[in-house]
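Novice: Build me a structure from this.
(one chain, ligands or ions: 2)
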Amino acid sequence: MAARSILSLTYLALSIICIATSWLLTATSAAVYDVVSMGAKADGSTDSSQAFLSAWTAACASSNPSTITIPSGNFYVKSVAFEGPCKSGSITFKIDGTLVASSDYAIIGSSGNWIIFRQVDGLNVYGGFLNGQGSSLWACKAAGKSCPEGATNLEFSNSKNILVSGLSSVNSQMFHIVVNECQNVKLQGIRVSALGDSPNTDGIHVSQSTGVTIQNSKIGTGDDCISIGPGTADVWIEKVDCGPGHGISIGSLGKDTEEDGVQNVTVSSATFSGTQNGVRIKSWARPSTGFARNILFQHVGMNNVQNPIIIDQNYCPSGSSCPDSGSSIRINDVTYQDIHGTSATEVALKFDCNPKSPCTGITMEDVNLTYQSRAAEASCKNVGGTASGLIQPSGCL
Ligand SMILES: *[C@@H]1O[C@H](CO)[C@@H](O)[C@H](O)[C@H]1NC(C)=O
Ligand SMILES: *[C@@H]1O[C@H](CO)[C@@H](O)[C@H](O)[C@H]1NC(C)=O
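Specialist: Ligands and ions are numbered 1, 2, ... in the order given. All right, here's what the predicted structure looks like:
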């Protein structure tokens, strides 16, 4: 009897501890804000911007980790800015649904961004489909009319400790995803899709940022799949499929006289299909404090790419009236390792460097590019470095 009551007392005490613990856990665990309960409508036409902003304001003000849920369905939103700094050190977006912009380009076309995060520290975005409906703006631009510049689908500005996983972005008016003035940003499982002739629809643009990782992503668009702008360091790009598009570009650099450089960028295990460029470094021909150094391109497959390997220090997108001072940024310590596949043009390797600022420390190891089943050609100006292993086309270093 006594043993029995001790047992049941122990049981009772344990139960109380359990209940108390779970109450404590609930009290400190993530606050969840659902955009629909904040007034959003999944009908694709009701303006849900305010509901999204209300959810953000609540999540941002929470002293606990907080989660914003967006259920499936189409949510129409105008330009929205999710601004920090936040009290919550960790905000998670769980997006099952689609965010859709207006098909009338004028609604967001002059606002620079459609969806932007500013001054946020500690953000996870899981899933989500962003439809910028940019085609009416592209048509306006193609017709040579006077049109607004267009909005970026998604931008992170002045933020840090960001993870974006499994997000899709289609038909942005301008760039799809921009990372500017950020630290420690991880983008994984990203899908970008826009027509191959859509103007300035870069997939992912990174500038003035450090510690950016882009992995396991598939990007097809009308401009660079990924572009790396001035002031960027410690970038890791791995397992990216690019095409259609203009390739993975460092630059354009050297646009400004006073400019920060780009350093420590790795592109590993990328494939390019039918793109205008593969791995590219481009800079304007004018004096600048900018530079590109400590760059590694490795394990890259080219499939019918117009310029598989290119350094262009005379970047001139308009084809005329570009600066031509015979000087450009310093390009130094660039390695090409295990680059293979097919070129769509005879010249598969082009180093067009400047006589006043030659490209130095260029290393090539195991490069095999063919054009119509024969060796492709190389075109090189003002470049120095070393080659090892099979190099085809040869003759540059
Ligand atoms: C270069 O960048 C990688 C991330 O891609 C980082 O882990 C590494 O520490 C950086 N190297 C230097 C020398 O800063
Ligand atoms: C270079 O690539 C071509 C086409 O893929 C292939 O036929 C050839 O054997 C390769 N050359 C070497 C030396 O590996």
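
Novice: just checking, residue 61 touches residue 86?
Specialist: Yes: the criterion here is CB atoms under 8 Å, and residue 61 meets it with residue 86 at 7.4 Å. C-beta: built from backbone N, CA, C; applies to glycine.

Novice: between the two, who's got more neighbours?
Specialist: Using other CB atoms under 10 Å as the criterion, residue 61 and residue 86 rank with residue 86 on top: 21 against 12.

Novice: just checking, residue 140 is part of a strand?
Specialist: No: counting by DSSP: H, G, I helix; E, B strand; the rest coil, residue 140 is located in no strand; its state is helix.

Novice: near ligand 1, which residues of the stretch 201-350 of the chain?
Specialist: Residues of the stretch 201-350 of the chain lying near ligand 1 by CB under 6 Å from any ligand atom: 234-236, 264, 266.

Novice: Between the residues you listed, identify the one with the most neighbours.
Specialist: Busiest of these [other CB under 10 Å] is residue 235, holding 24 neighbours.

Novice: Who are the contact partners of it?
Specialist: Listed by CB atoms under 8 Å, 6 or more residues apart in numbering, the contact set of residue 235 reads 206, 212-214, 228, 264-266.

Novice: repeat for residue 259
Specialist: 230-231, 253, 288-290, 329.

Novice: Tell me how far the closest residue to ligand 2 within the stretch 201-350 of the chain lies from residue 178.
Specialist: Nearest residue of the stretch 201-350 of the chain to ligand 2 (CB to the nearest ligand atom) works out as residue 340 at 6.1 Å. Distance, residue 340 to residue 178, by CB to CB, to the nearest Å: 32 Å.

Novice: Was I right to think residue 276 contacts residue 249?
Specialist: No: contact criterion CB under 8 Å: residue 276 and residue 249 do not qualify, at 10.0 Å.

Novice: Which one's more surrounded, the two?
Specialist: Shown here are residue 276 and residue 249; by other CB under 10 Å, residue 249 has more neighbours (26 against 20).

Novice: does that one sit in a helix or strand, and which one?
Specialist: Here residue 249 sits within strand 248-253, counting by DSSP states H and E.

Novice: Report the rounded mean pLDDT for that strand.
Specialist: Strand 248-253 carries an average pLDDT of 97.

Novice: and what of stretch 369-387?
Specialist: What stretch 369-387 shows for mean pLDDT is 96.

Novice: follow-up on the earlier one: between residue 340 and residue 178, who's got more neighbours?
Specialist: residue 178 (25 against 16).

Novice: ok so, going back, can you pull out the residues in contact with the strand holding residue 249?
Specialist: Contacts for strand 248-253 (CB under 8 Å, 6+ apart): 224-230, 237, 240, 242, 259, 261-262, 265, 267, 270, 272, 277-284, 288, 290-292, 295, 315, 317, 329.

Novice: Need the buried ones from these selected in PyMOL.
Specialist: Listed next is the PyMOL selection for buried residues among the contacts of strand 248-253, using 16 or more other CB atoms under 10 Å:
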select buried, resi 224+225+226+227+228+229+230+237+240+242+259+261+262+265+267+270+272+277+278+279+280+281+282+283+284+288+290+291+292+295+315+329
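
Novice: Tell me which entries of the contacts of strand 248-253 lie within strands.
Specialist: Of the contacts of strand 248-253, the ones assigned to strands by DSSP state E are 226-228, 237, 240, 242, 262, 265, 267, 270, 272, 277-283, 291-292, 295.

Novice: Now do the buried residues in stretch 159-175.
Specialist: 159-165, 167-175.

Novice: same for ligand 2: which of the contacts of residue 259 are within range?
Specialist: When contact is defined as CB under 6 Å from any ligand atom, these do not meet ligand 2 at all.

Novice: do you know how far the closest residue to ligand 2 within the chain is from residue 327?
Specialist: When scored by CB to the nearest ligand atom, the chain has residue 368 as its residue closest to ligand 2, at 3.8 Å. Distance of residue 368 to residue 327, given as CB to CB: 34 Å.
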